[in-house]
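**Student:** Turn this into a structure:
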Amino acid sequence: MGAKGLGKRDIIGSLYTALEQVTGASWLDKISMLFQSDQESETYKWLGQAPAMREFIGGRNAKGFRENGITITNKEFEATLQVLTSEIRRDKTGQVMMRINDLATRAMAHWNKLLSTLITNGTGGTSGTCYDGQYFFDSDHSEGESGTQLNLLTASQVAALDVTTATAPTAAEAAKAILGVIGYMMGYKDDQGEPMNEGAENFLIMTSPALWQHLSGGVYSPFVGSGESNPLTNIISKEGFNISIVPNARLAYTTQFVTFRVDANAKALIRQEEVGLDIVYKDDTFDNKRELYGVEATRNVGFGFWQYAAHSTLS
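**Tutor:** Have a look, this model is predicted:
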């Protein structure tokens, strides 16, 4: 059905329906936590971890909170579609409604765009610092009794990241590299010097589509090399681990991938929203013979726990 004869209520109704039907990327809730906001900015204080149990000797050894944190300032975002009245009148093939649906799709992909930019900037961009003052992916994280730790990994930390061809690792090389990174992440400590990922069993690998086609074999193929059993699939089937991999077309990686722990109560990234997606309309037919349909939201993103993410580079 074309848009001919449709009024603004029909078009706005279609836009609302499209927004309800279109969903964001499947990985959004896995790697980020959503907080509602009611003011210009919100401050998140990572107050440190609770102390570990110790033998009761010489009275109680009470420990207070540490007050590291970040502030995320909300920003206003919008997208506006101009539709000429003549386009509505002459449309017989549904082109106007297609454009309206495209507007909804773009709006629902906004979180994907914000988080992808955050991930890219995590190695040194202007929005790349996290709660400890270091870049999110860095080589000198330290707080309390953790010692110096890093989640910007190369073959110096994980030997399996050294492969034959960095842009096209074999399935066997990919499996060993991913397994090595997860093993390295298991060693991260909190500010009390206790293991941060001790019970981790669920991980998500994210990279560009170009590298995803090579790494995915290391995650999903039951056999690698010359009939050798895949160590990752063995772990998934026998040890209860869940390891998945997703392509992110917004990442320009050639030899890099990011590993997220996704089964912790907290997440690596933060989505903050003051005003959710809303639809706005302006009748501009008298002066300019057009109608304006828009979507808007007030929100922003920021970094959560760096210990739940590691950036790795193949070499």
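
**Student:** So which residues of the stretch 51-200 of the chain form helices?
**Tutor:** Taking DSSP state H, counting those that start in this stretch to define them, one finds helices in the stretch 51-200 of the chain at 85-90, 95-108, 110-121, 171-185.

**Student:** pretty sure Asp162 is in contact with Pro169, am I right?
**Tutor:** No: with contacts defined as CB atoms under 8 Å, Asp162 does not count as touching Pro169, sitting 10.1 Å away. For glycine as for every other residue, the C-beta is placed from the backbone atoms N, C-alpha and C.

**Student:** helix/strand/coil for Ala43?
**Tutor:** Residue 43: Thr, not Ala. Of the three states, Thr43 takes strand according to DSSP: H, G, I helix; E, B strand; the rest coil.

**Student:** what's around it, how many residues?
**Tutor:** The criterion is other CB atoms under 10 Å. On that basis, Thr43 has 8 neighbouring residues.

**Student:** How much space separates the residue lying closest to it once chain neighbours are set aside from Glu40?
**Tutor:** In this structure, Thr43 finds its nearest non-sequential neighbour in Thr71, 4.6 Å apart by CB to CB, 6 or more residues apart in numbering. Summarising the geometry, the distance separating Thr71 from Glu40, computed by CB to CB, to the nearest Å, is 10 Å.

**Student:** about what we covered before: between Asp162 and Pro169, which has more neighbouring residues?
**Tutor:** The residue with more neighbours, out of Asp162 and Pro169, is Pro169; 24 against 14, by other CB under 10 Å.

**Student:** quick one on the thing from earlier: give the residues shared as contacts by Asp162 and Pro169.
**Tutor:** Leu314 (CB atoms under 8 Å, 6 or more residues apart in numbering).

**Student:** does Thr164 really touch Lys176, like I thought?
**Tutor:** No: contact status for Thr164 versus Lys176: not in contact, 12.0 Å apart, counting by CB under 8 Å.

**Student:** Comparing those two, which residue is more hemmed in?
**Tutor:** Neighbour count, other CB under 10 Å: between Thr164 and Lys176, Lys176 has more, with 22 against 9.

**Student:** Help me confirm that the more buried one comes into contact with Ile235.
**Tutor:** No: judged on CB under 8 Å, Lys176 makes no contact with Ile235 at a distance of 12.0 Å.

**Student:** can you pull out the strands in the stretch 101-250 of the chain?
**Tutor:** 152-153, 202-207, 223-224, 228-229, 242-247 (DSSP state E, counting those that start in this stretch).

**Student:** Tell me which of the ones you listed lies nearest to Ala104.
**Tutor:** Distance to Ala104, taken as CB to CB, is lowest for strand 242-247 among the strands of the stretch 101-250 of the chain, at 22.2 Å.

**Student:** Apart from its chain neighbours, what residue comes closest to Phe35?
**Tutor:** If the residues on either side of it in the chain are set aside, Phe35 comes closest to Gln272, at 5.2 Å by CB to CB, 6+ apart.

**Student:** now Leu215
**Tutor:** Once flanking residues are discounted, Leu215 sits nearest to Ala174: 4.6 Å by CB to CB, 6+ apart.

**Student:** is it true that that neighbour touches Trp212?
**Tutor:** No: with contacts defined as CB under 8 Å, Ala174 does not count as touching Trp212, sitting 10.2 Å away.

**Student:** Who has more neighbours out of those two?
**Tutor:** Here Ala174 and Trp212 are set side by side on neighbour count (other CB under 10 Å), and the busier one is Ala174, at 28 against 20.
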